[in-house]
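make a model of this:
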Amino acid sequence: MKNLRWLLALGLTTSLAGPAAAQKATVINYYTSGGESRAIAVFANEYNKRGGQWVNEPAIGPPAEQSLALSRIAGGDPPTAMQWSVGAAMKELADQGVLANLDEFAKAGDWSKNIPPIIMKNITFNGHVYGAPFDIGGVNYMYYSIKVFDALKMQPPKTWDEFLADAPKIKAAGYIPLAFGGNAQQEDWLFMSLLAGVGGPEVYSQVANDHNAKVAGSAAVERVFQVYGELRQYVDAGSPNRKWNDSLSLVETNTAACRIVATIMTACSRPARRCSGSGYCVLPMAAKKPS
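Below you'll find the predicted structure:
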């Protein structure tokens, strides 16, 4: 399923759209890996080309980035722009009056026609647009070690039922069935993948997009949590607080069989070994079909 959370919330003091007009812009973000840094550089180079001065202020991971941004806001020294989550998290800041709206740029770019409705819904509050989308990706993608599955003469799982059936065999063979890092970001990726793969597209949409409390308390979502709990036996003892790139490395080095990550990670992995005989590959974990 698509993850619509990665947006650049612009306008705490001004906006970055249009001519830069020799303006210095401090931008807080958590894109710090090699591929992510290259992505941020595209924005920075374009801004500088237009005459502005982009000052990158990175933080390691969303929690650290959010803490840094909120600390600066509270201290009266807000950044020019920051990377933020769409939906409720952005609405909270908009309701507090700390974000400048981007209505002028949304109108000039005809965003209502050029940006999917689900995204516009999550960046528009009280009739005003507060975020500029710069990335959208899926969170139900599984990276798997070709070597591990070849050694076990098994096919990589395409559903969570298949994974749960295969995991005991993978573990018995001495491999980590699921590479995982126990922090908020990776827990979110895994839960959202389970919500789609175990709960199904309709349940995912009602919970993640509509925030339907009745559905969130349903038997379908209870089953999602049950599967989440079952996965504990298939991660290794070193998983708590492990960084996402270190977790991914377990698959790259054929120590672990599988890893659930967002599609943004395809830019951060080593392309030369992707889907090669001794490397790793990626496929979507299918969402459960409606019954």
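
please count neighbours and contacts with C-alpha atoms only from this point.
OK.

low-confidence ranges, the stretch 51-200 of the chain, go.
Nowhere does the stretch 51-200 of the chain drop to pLDDT under 70.

now the strands for it?
Chain-ordered strands for the stretch 51-200 of the chain, with DSSP state E, counting those that start in this stretch as the definition, fall at 53-58, 81-84, 124-125, 128-129, 132-133, 137-138, 141-145, 176-179.

which strands and helices lie in contact with the last one?
In terms of contacts (3 or more C-alpha pairs under 8 Å, 6 or more residues apart in numbering; DSSP states H and E), strand 176-179 is packed against helix 160-172, helix 244-252, strand 256-261.

columns distance to residue 168 and mean neighbour count on top of the strands of the stretch 51-200 of the chain, output as CSV?
As requested, those are exported to CSV (distance: least, C-alpha to C-alpha, whole Å; neighbours: other C-alpha atoms under 10 Å):
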stretch, distance to residue 168, mean neighbour count
strand 53-58, 40, 18
strand 81-84, 38, 24
strand 124-125, 46, 19
strand 128-129, 49, 20
strand 132-133, 41, 22
strand 137-138, 27, 16
strand 141-145, 16, 27
strand 176-179, 8, 27
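
okay if I get these as a markdown table plus distance to residue 239?
Formatted as a markdown table, the strands of the stretch 51-200 of the chain follow (distance: least, C-alpha to C-alpha, whole Å):
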| stretch | distance to residue 239 |
| --- | --- |
| strand 53-58 | 24 |
| strand 81-84 | 26 |
| strand 124-125 | 37 |
| strand 128-129 | 39 |
| strand 132-133 | 32 |
| strand 137-138 | 23 |
| strand 141-145 | 17 |
| strand 176-179 | 8 |
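
closest to residue 104 out of these?
strand 128-129 (9.1 Å; C-alpha to C-alpha).

got the contact list for that closest one?
When contacts are defined by C-alpha atoms under 8 Å, 6 or more residues apart in numbering, strand 128-129 is touched by residues 101, 102, 103, 106, 120, 123.

in helices only, show me these.
103, 106, 120, 123 (DSSP state H).

what about residue 214, neighbour count?
Other residues within reach of residue 214, judged by other C-alpha atoms under 10 Å, total 9.

put the alpha carbons of the lengthiest helix in the chain into CSV.
Across the chain, the longest stretch assigned as helix under DSSP H is helix 34-49. Written as CSV, here are the backbone C-alpha positions of helix 34-49 (Å, rounded to 0.1, in the frame of the first residue of the first chain):
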residue,chain,number,x,y,z
GLY,A,34,23.5,8.0,0.5
GLY,A,35,20.5,7.7,-1.8
GLU,A,36,18.4,10.1,0.4
SER,A,37,21.2,12.7,0.5
ARG,A,38,21.3,12.6,-3.3
ALA,A,39,17.6,13.2,-3.4
ILE,A,40,17.8,16.2,-1.1
ALA,A,41,20.7,17.6,-3.2
VAL,A,42,18.4,17.8,-6.2
PHE,A,43,16.2,20.3,-4.3
ALA,A,44,19.2,22.1,-2.8
ASN,A,45,21.0,22.5,-6.2
GLU,A,46,17.8,23.9,-7.8
TYR,A,47,17.2,26.3,-5.0
ASN,A,48,20.8,27.6,-5.2
LYS,A,49,20.6,27.8,-8.9
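
what number of residues lie near residue 281?
Neighbour tally, residue 281, other C-alpha under 10 Å: 21.
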